[in-house]
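>>> structure of the sequence below:
(chains A and B)
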Amino acid sequence: MMKRAIMAVAAASATAVALAGCTAPADDNSEGPATLTFWHGYTEADGEVLDQIVADFNDSQDDYVIETETKTWAVIDDTLLPALSSDEGPDIVAMPAERMPVYADRGAFVDLTDFYASEDSNTSELAEQSVDMVTVDGAPYGVPTGFVPLSVFYNKALFTAAGIDEFPTTWDEWVDAAKALTIDANSDGTPEQYGLALPDHATVANGLWPSLLLSGGGEIVEGSTEAVIDSSENAESLAYWVDAVTKDKISPTGLDGIGADELFSSGKAAMHVGGPWMSFISADNDIDYGIAAIPAGPEEQAASAIGVSMGITEQASDAQVAGAEAFFSYFFQEDVATEWSLASGWPPLRTDIPLESVESNPVVVSLTEIAPTGRALLPGVVNSVDVLAAIDTLTQKAVAGGDIDELLAAAQSEIQQAIE
Amino acid sequence: MTTQTAAPPTRTPYRPPAPLGGRTPLRRSNRYRLTVIAFLLPAIVILTVFVAWPMIAALRLSFTDASGFGDEEWVGLQNYADVFTDSGVVTAMGNTAVYALLFTPLVVVLALALALLLNNRLLPGRGIFRTFLFLPFIVSLAVAAFAWSYLLDPQIGLLNYWLQGFGIQLGNVLQDPVLAMPTVVLVAVWKSFGFYMVIFLAGLQDIPGSLYEAARVDGASAWQRFRSITLPMLSNSLGFVLIVALIAALQAFDQIYVMTGGGPYGSTQTIVMEIYESGFRKLELGFASALSYVLLLITLVLSLVQFLFFSRGEKDAS
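Numbering: from 1, shown residues only, chains lettered A, B, ... in the order given. Just a heads-up that it's a prediction; the model follows:
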């Protein structure tokens, strides 16, 4: 009986240990090639192309093998922390560029200063602002996999029906077009068709309102340490767009980014500000779409840029770091960068790739043409979560009828507190 | 002549017969203990690994500036001090209190009312009603939250569409700073009242029918029977339901995360959402751990107060 009890105790303990997941992390195989795990969130056709590029890299040499794991961006953000805490995380991870600084600041990523300094890295021709997005305290902690300014996707059929031949180029023309495209057929005060889907919170990469503020001559932070959102330029820009939404009713109020996607894809909004993925969504919903730059504001034509970056996690061994850097160099070779751009629909990351090289994909051509309007959103700001939350609060309350001067003063205080 | 007397025969002291198999009571006692330990050990090991150890680890983290990787420094009570000065946390505490104050009484009253109704043997189709009313509890909370988000959507929502047929404009309730919280509370009540109703039903069926018969003979009205018999006899179930509902309210997260994401502008941000934001978005694990312990203490104190209140009520009833 005693023997049985001991067996039961041993079995229970073994089960508990197994359940606790107390497995030793996989070591590098010192004999064979170093194996690296790569998490990315490219789940559509772009993911298949990225996996193919990784497979081609694996075939091109014998020292490293990269194994990709596709997850959604949200899952990556939710699981990276516990995975790295238990040394079970990836060696390379791709994530939205605005999330990288907070991880880098906490020590999750390898400093790539030496890699960038190397001539073999193929990084010298990268768009400068795309590298700014992964730079924290002067050191780069990642490399870009995508960088594109927000752009306007518009429904050509609705434009034709409204008799609009050319896409507007200034704010005033833009609002006029949106008013012409807004239809309240039963005059109940709620349009059945909106000219523009202009979300007032949780916008795509939280970059829509910063784009408008930029175009109006305002800024949010200066030098990543000083909040400057409380300015007369920002007050005027906010008032302009709040009027357009609440008085001219060109867009529903209380709309978020996902709701805006749905409005556009269901044909209930004629224009929508988004990124390259909107081309897939539009095509899936049989919308004949056009792509244009966000029209110029009173000060300049500018748009916040969306970026995706990949970095090497601190848990990677020296061999794995070398393997990841070799992959990055491969990824930025001109032919691979061109292949990636054409397949993903994002503009080329290298500035020396000519437009003719990507002309087979009209989406890439359109986005490449408007690429110069792109501005990195909050480059180097570590606590971007609180900064963007403050902007969300500001715009939502402004559209809901709040006093703009008071809201800007409150946002100034919150943002300053967040970045100090 | 001497006479010798024989020595008195020595008597062997009485010993009880040995138990079957030759085991002594001492051995039997050891065997019993070992059996108990063997049965308890899996639970103890699992609780230690998955409950006690994480709690101890979180307590340690709450005194550090840990982010989950890299170095961490001991910061003493700084995180606890920050919890009470952080404007986001203070707002979240207020929101959680509002959520709990709306959710707990609503769900308990509704569950009790429906349990009383469905406990009536004269009601036809009681079984079907019970099943249908319990169904929302089986549905995953996230799925229910998604479904309600779509139903309430001002552009594509069926609920808005139907109400418009009656000339009612519901508007974007989930983005209205005044209506968002009551809306998520109502969805939570819809989702969970079935569970509490079943507990009340079980409690109601334990009340002897003779008590009601005696009360009827004495001429007690329905309200008097409810107040003097049902409520006191249900005090155990009521206490349990209130405590469980309050704890559920204080831990509200997934449904609100899906439906409003804490918005509009933080009006539905709860403490658990704040813990998630601090820990997983800002990578401030130390602060998030301190906030978790503050929530634990709040829950513990409120549960204890309720427990003592209902224990006293039970004594009075008996």
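>>> contacts, neighbours, all on C-alpha from now
OK.
>>> and the helix or strand harbouring A:Y116, what's buried?
If you go by DSSP states H and E, A:Y116 is part of helix A:113-117. Going by neighbour count (16 or more other Cα atoms under 10 Å in any protein chain shown), the buried part of helix A:113-117 is A:F115, A:Y116.
>>> and the helix or strand following that helix, what does it pack onto?
Using DSSP H and E, the helix or strand that follows helix A:113-117 in sequence is helix A:128-132. In terms of contacts (3 or more Cα pairs under 8 Å, 6 or more residues apart in numbering or on different chains; DSSP states H and E), helix A:128-132 is packed against strand A:143-149, strand A:374-376.
>>> of these, flag the one that's most buried.
Highest mean neighbour count among these (mean count of other Cα atoms under 10 Å in any protein chain shown): strand A:143-149, with a mean of 26.
>>> just the CA coordinates for that one, please, in PDB.
The C-alpha coordinates for strand A:143-149 follow below in PDB (Å, rounded to 0.1, in the frame of the first residue of the first chain):
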ATOM      1  CA  VAL A 143      14.500  47.200 -39.100                       C
ATOM      2  CA  PRO A 144      11.400  48.200 -41.000                       C
ATOM      3  CA  THR A 145       9.300  45.700 -43.000                       C
ATOM      4  CA  GLY A 146       6.800  48.300 -44.100                       C
ATOM      5  CA  PHE A 147       6.400  52.100 -44.100                       C
ATOM      6  CA  VAL A 148       3.600  53.900 -45.800                       C
ATOM      7  CA  PRO A 149       1.600  57.200 -45.200                       C
END
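>>> and it, how far out from the chain's middle?
Relative to its chain's centre, strand A:143-149 lies at 8 Å (Cα atoms, centre = their mean, to the nearest Å).
>>> who touches that strand?
Contact with strand A:143-149 is made by A:94, A:97, A:130-131, A:134, A:275, A:303-311, A:328, A:346-349, A:367, A:370-371, A:373-375, as judged by Cα atoms under 8 Å, 6 or more residues apart in numbering or on different chains.
>>> can I have the buried ones of those residues as a PyMOL selection?
Here is the PyMOL selection string for the buried members of the contacts of strand A:143-149, based on 16+ other Cα under 10 Å:
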select buried, chain A and resi 94+97+130+131+134+275+303+304+305+306+307+308+309+310+311+328+346+347+348+349+367+370+371+373+374+375
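>>> B:F280: how many residues sit nearby?
If you count neighbours by other Cα atoms under 10 Å in any protein chain shown, B:F280 ends up with 20.
>>> helix or strand for A:I291, which one?
With DSSP H and E as the criterion, A:I291 is inside strand A:289-293.
>>> tell me what angle that strand forms with strand A:143-149.
Here the directions of strand A:289-293 and strand A:143-149 differ by 100 degrees (axes from the mean of the first three to the mean of the last three Cα atoms, to 10 degrees).
>>> how about the nearest residue to B:L285 once chain neighbours are set aside, what does it touch?
Excluding the flanking residues, the one nearest B:L285 by Cα to Cα, 6 or more residues apart in numbering or on different chains is B:G279, at 4.7 Å. Neighbour list for B:G279: B:S67, B:L285, B:G286, B:F287, B:A288, B:S289 [criterion: Cα under 8 Å, 6+ apart].
>>> out of those, which sit inside strands?
Within these, no residue falls in strands by DSSP state E.
>>> CSV for the residues you listed, including pLDDT and neighbour count?
Below are the contacts of B:G279 laid out as CSV (pLDDT from 0 to 100; neighbours: other Cα atoms under 10 Å in any protein chain shown):
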residue, pLDDT, neighbour count
B:S67, 85, 26
B:L285, 92, 26
B:G286, 94, 29
B:F287, 95, 27
B:A288, 95, 30
B:S289, 96, 26
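>>> packing partners for the helix or strand where A:S413 lies?
Using DSSP H and E, A:S413 maps to helix A:404-419. With contacts taken as 3+ Cα pairs under 8 Å, 6+ apart, helix A:404-419 sits against strand A:226-227, helix A:232-246, helix A:384-399.
>>> packing partners of the shortest one?
Translated: strand A:226-227. For strand A:226-227, the packing partners by 3+ Cα pairs under 8 Å, 6+ apart come out as helix A:404-419.
>>> before we move on, what SS does the residue in the stretch 101-250 of chain A positioned nearest to chain B have?
At 5.3 Å from chain B, A:G107 is the closest residue in the stretch 101-250 of chain A, using Cα to the nearest Cα. Of the three states, A:G107 takes coil under DSSP: H, G, I helix; E, B strand; the rest coil.
>>> count the neighbours of it for me.
18.
>>> surely it touches B:F69?
Yes. A:G107 is within contact range of B:F69, at 6.7 Å (criterion: Cα atoms under 8 Å).
>>> thinking again about what came up before, which other residues reach the helix holding A:Y116?
Applying Cα under 8 Å, 6+ apart, the external contacts of helix A:113-117 come out as A:S121, A:T123, A:S124, A:A139, A:P140, A:Y141, A:E325.
>>> list the contacts of the closest residue to chain B within the stretch 301-420 of chain A.
Per Cα to the nearest Cα, A:T393 is where the stretch 301-420 of chain A lies closest to chain B, at 4.8 Å. Contact analysis of A:T393 by Cα under 8 Å, 6+ apart lists A:H201, B:P264, B:Y265, B:G266.
>>> which of those count as buried?
Using 16+ other Cα under 10 Å, the buried ones in the contacts of A:T393 are A:H201, B:P264, B:Y265, B:G266.
>>> look up how far B:M181 lies from the last one.
Taking Cα to Cα, to the nearest Å as the criterion, B:G266 is separated from B:M181 by 10 Å.
>>> the first one too?
Using Cα to Cα, we find A:H201 at a distance of 18 Å from B:M181.
>>> residues near A:E356, how many?
8.
>>> sec struct for it, please.
helix.
>>> what do you get for A:M95?
Under three-state DSSP, A:M95 comes out as strand.
>>> tell me which residues touch it, please.
Counted by Cα under 8 Å, 6+ apart, A:M95 has contacts A:H40, A:G41, A:W73, A:I76, A:D77, A:V308, A:S309, A:M310.
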